[in-house]
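S.K.: Predicted model and sequence follow; I will ask about them next.
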Amino acid sequence: MSRKVIIAGNWKMNKTAAEGKALVDALKPLVADVCPDVADIVVCPTFTTLAAVIDAVKGSNIKVGAQNVHWAESGAFTGEISAAMLKELGVEYVILGHSERRQYFGETDETVNKRLKAALAAGLKPIVCVGELLEERETGKTEKVLFTQLEGGLAGLSKEDMAKVVIAYEPVWAIGTGKTATPEIAEETHNYIRCTLNDMFGKEIGEGVRIQYGGSMKAENAKELVAQPNIDGGLIGGAALKADSFSALIHNAIAG
Ligand SMILES: O=C[C@H](O)COP(=O)(O)O
């Protein structure tokens, strides 16, 4: 099954509204040649930068995602943002369960699952992150960890809902470290994720789910990674913070 490439830039806690607008203004002409039928290009700024970026991408082929969402519709949840608030702004995608949320902010598979259901109910397109720690890989626990994250994070989803979800495989040891998983290691793990999704939701759904790789992906390695049969794009941190490096990565990924 052919799956459309999806390259998403996770800006993490970088870029003020003015800086985000400047980045998008510089990126637009560089990626204007990328046909929306060939690849989805997404940028995911901080909450406070979303409005400026949504305005700046108008009329372009760049889509916008948020980096998190709360599961409740409204209420006494100081500091949180609801799915309806993101939808109202014009947000299309939302990253859920990033390893930095799991590591620093107590995110669990259960809370990922609650956020996921709220995002889907509001019509947002979720990017659900999974990935193992270095110690887990070195002790042979990668598949067990991924299975647990997928089983818990995607619990209770219908086939119809799962068809709207993107999975991002991010080995934690490769994030921001410059250590990329080799294309072989990444493909082997993506294939495991694909097989698990096939078992959970049926092949007709699992084969269609896009699985991004994340972890020190850059222009130099994007082509080889995305050329793998089960790698359908990337979730990019550092290399998404400059228009020229993100554009080069996107073009190389599409060539993969
Ligand atoms: O969400 C993006 C990932 O955490 C990858 O970050 P990185 O490209 O800086 O390694």
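M.R.: All right, it came through fine. Numbers count the residues shown, from 1 in each chain.

S.K.: For the helix or strand containing residue 43, give the mean pLDDT please.
M.R.: Taking DSSP states H and E as the criterion, residue 43 maps to strand 39-44. When the per-residue pLDDT values of strand 39-44 are averaged, the result is 98.

S.K.: Likewise for stretch 131-150?
M.R.: Along stretch 131-150, the predicted local confidence has a mean pLDDT of 96.

S.K.: Give me the contact status of it with the ligand.
M.R.: No. If you take C-beta under 6 Å from any ligand atom as the test, stretch 131-150 misses the ligand, and the best it gets is 8.8 Å. Any C-beta I mention is one placed from the backbone N, CA and C, and that applies to glycine too.

S.K.: Could you do stretch 46-60 as well?
M.R.: No. Residues of stretch 46-60 are not located near the ligand by C-beta under 6 Å from any ligand atom, the shortest gap being 13.2 Å.

S.K.: picking up where we left off before, can you list the strands that the strand holding residue 43 pairs with?
M.R.: Strand 39-44 has its sheet partners listed here by DSSP bridges as strand 5-10 (parallel), strand 62-66 (parallel).

S.K.: what sits up against that strand?
M.R.: Taking C-beta atoms under 8 Å, 6 or more residues apart in numbering as the criterion, the residues outside strand 39-44 that touch it are 4-11, 20, 23-24, 27, 31, 34, 53, 57, 61-67, 92-93, 95, 233, 240, 250, 253-254.

S.K.: Need the buried ones from those residues selected in PyMOL.
M.R.: Here is the PyMOL command that selects only those of those that count as buried (16 or more other C-beta atoms under 10 Å):
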select buried, resi 5+6+7+8+9+10+11+20+23+24+27+31+34+53+57+61+62+63+64+65+66+67+92+93+95+233+240+250+253+254
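
S.K.: other SSEs contacting the longest helix along the chain?
M.R.: In the chain, with assignment by DSSP state H, the single longest helix is helix 183-201. Applying 3 or more C-beta pairs under 8 Å, 6 or more residues apart in numbering; DSSP states H and E, one finds that helix 183-201 contacts helix 142-153, helix 159-162, strand 166-169, helix 203-206, strand 211-213, helix 219-226.
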